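Predicted structure and sequence below. I'll ask about it afterward.
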Amino acid sequence: MTVVAAVLIIAGLFFFAVGTLGILRFPDFYTRLHAAGKCDSLAAELVILGIALYNLVDFTPGNLLVSLKILAIAGFVFVASPTATHALTESALIVGVEPWEKKRGSK
């Protein structure tokens, strides 16, 4: 179970890194927010799930309760992160932040 938890945590760290790379490389607010929203949601879920599994290595009723609380946090992140991303995107659109458009003739 420790190996599975480690793989989940490492996979989560990989997706955090990919999301950070997307924030640095994409051209405008909307594409950056898309990269951050998708990658960070998945990464947070993987890391939290890995931590919950790692906590169950020493299986006791107390550790089970802690892991269930950690999974409740994962459920909150699963709902809150896309909701926050949507709210930020809609707010930017209302304020007038223009989406990036590729100019003709440029690569």
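Great, that's in hand.

What's the biggest helix in the chain, counting residues?
In the chain, ranked by residue count with DSSP state H as the criterion, the top helix is helix 61-95.

any idea how far the closest residue to Leu21 other than its chain neighbours lies from Val18?
Nearest residue to Leu21 in three dimensions, chain neighbours excluded: Ala35, at 8.0 Å (Cβ to Cβ, 6 or more residues apart in numbering). All C-beta spots, glycine's among them, are computed from the backbone N, C-alpha and C. Here Ala35 is placed at a distance of 8 Å from Val18 (Cβ to Cβ, to the nearest Å).

Repeat that for Leu49.
Distance of Leu49 to Val18, given as Cβ to Cβ: 18 Å.

contacting residues for the closest residue to Leu64 other than its chain neighbours?
Using Cβ to Cβ, 6+ apart and skipping the chain neighbours, the partner closest in space to Leu64 is Leu56 (6.9 Å). Leu56 makes contact with Met1, Asn63, Leu64, Ser67, according to Cβ atoms under 8 Å, 6 or more residues apart in numbering.

Looks like the first one contacts Val57 (just checking).
Yes. Shown here, Met1 and Val57 form a contact pair, counting by Cβ atoms under 8 Å, at 5.7 Å.

Just the pLDDT at Ile10, thanks.
As predicted, Ile10 sits at a pLDDT of 97.

Thanks again, I'm all set now.
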